[in-house]
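>>> Sharing a model that was predicted from the sequence below.
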Amino acid sequence: MAGSKDDAWILEHSKVISESLLHEKPLLELGSGTGRDTIILEKYGPVVATDISVDLLQAQQSKSSNLVCLDISKTLPFKENSFCLI
């Protein structure tokens, strides 16, 4: 739920998020879980949401379109400078 105490970090950093997305590169969200924050972040621009759990990514499939299942303890499969913000 937007505006809740749990979302305060997004609101606090909304200016940085907005300015970063002006570079027309997506934001990389590591450990997106069920997509609660992804939904809010997508209001600022494109987001690539990642999680190690296929089940959690499937749960947010109807909410988000750019989902990647990966283990962030391994080398990430993205080219350098692919994202404006991580």
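Received it, and whenever you're ready, just let me know what you need. All values derive from a computational prediction rather than experimental measurement. Numbering: from 1, shown residues only.
>>> Now the residue sitting nearest the centre point of the chain. Nearest residue, chain neighbours left out?
Centroid-nearest residue in the chain: residue 29, 3.0 Å away (criterion: Cα atoms, centre = their mean). Nearest residue to residue 29, sequence neighbours excluded (Cβ to Cβ, 6 or more residues apart in numbering): residue 49, at 4.8 Å. C-beta: built from backbone N, CA, C; applies to glycine.
>>> Adjacent strands (with direction) for the helix or strand harbouring the one you found?
For residue 49, the element it lies in under DSSP states H and E is strand 47-51. Its sheet considered, strand 47-51 pairs with strand 27-30 (parallel), strand 67-69 (parallel) by DSSP bridges.
>>> contacts for that strand?
Contact with strand 47-51 is made by 26-33, 35, 38, 41, 57, 60, 64, 66-70, 72, 78, 83, as judged by Cβ atoms under 8 Å, 6 or more residues apart in numbering.
>>> Narrow these to those that are buried.
Buried by 16 or more other Cβ atoms under 10 Å: 26-29, 32, 35, 38, 41, 57, 60, 64, 67-68, 83, out of these.
>>> Name the weakest-confidence residue in those residues, if you would.
Among the buried ones among the contacts of strand 47-51, residue 64 has the lowest pLDDT, at 78.
>>> Could you tell me the phi and psi values at residue 40?
Dihedral pair for residue 40: phi -70, psi -40, per degrees, to the nearest 10.
>>> roughly how far apart are it and residue 17?
To residue 17, residue 40 is 10 Å away according to Cβ to Cβ, to the nearest Å.
>>> where do the contact lists of those two overlap?
Common neighbours of residue 40 and residue 17, counting by Cβ under 8 Å, 6+ apart, are residue 10.
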